[in-house]
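A.B. asks: Let me see the structure of the following:
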Amino acid sequence: MSESPEARLEALGLALPSVPAPLAAYVPAVRTGQYVYTAGQLPMADGKLLLTGKVGTQVSAAEAAAAARTAALNALAAVASVTGSLSAVVRVVKVTGFVASEPGFTSQPQVVNGASELLLEVFGEAGRHARSAVGVSVLPFDSPVEVELIVEVGG
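C.D. replies: Below is the predicted model:
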C-alpha cells in the first residue's frame, strides 16, 4: 500500500477524531523509544459514549463490533497525538479488546474484529497484529467495549 494511512481513512469515509479527553488520571498515549502505548479507548464520538450495556443482551455483537471500530479510531487519534501522523506507524504490534459481556457470551473475538479489521484497512499488512479479546463484567461508564493499542513507530 503506497497511500498514507490518513488517505486510506479518508477513502473509508473516516477522519481522525479529536483525542478523547482522559476520564481519570492518565494520558491518552505514551511514546517510549519506538513504541506507542495507548490508554484504553472507549467508543466515544463528540465527547459522548455511543452506546452502553452488556454485549449479548443489551448490545448485539454487531453493534459492539461497530463500537470497537470507533474505539480503535480513537486509539489511532491518540497515537497520532504523540507521533504527529499515522504515517509514523511502522506496524501495529498488539491490540487488547475488552468486551463487557453477559454470562454465557463467548463471541468476544468477533466483537474485537471491529477494531482489528479497521487496522488492516488503514495499514494493510502492517496492521496485522497479535491480539487479546477479553470478556469482562463491566467497563467504565457501562461501555460495551474498550480497545488499547501498542504500535511500533519509525524515527
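A.B. asks: Report all helices and strands that the helix ranked longest in the chain contacts.
C.D. replies: Using DSSP state H to define each element, the chain has its longest helix at helix 61-83. Helix 61-83 is packed against strand 29-32, strand 35-38, strand 44-45, strand 89-100, helix 108-123, strand 145-153, with contacts defined by 3 or more Cβ pairs under 8 Å, 6 or more residues apart in numbering; DSSP states H and E. Glycine gets a C-beta too; all of them are placed from N, C-alpha and C.
A.B. asks: hmm, 10 Å instead?
C.D. replies: Counting contacts by 3 or more Cβ pairs under 10 Å, 6 or more residues apart in numbering; DSSP states H and E, helix 61-83 packs against helix 5-11, strand 29-32, strand 35-38, strand 44-45, strand 89-100, helix 108-123, strand 145-153.
A.B. asks: Which one, of those, ends up nearest to Leu23?
C.D. replies: Minimum separation from Leu23 across these (Cβ to Cβ) falls at strand 44-45, 9.2 Å.
A.B. asks: Point out where this structure drops to low pLDDT.
C.D. replies: For the chain, residues meeting the criterion pLDDT under 70 lie at 1-2.
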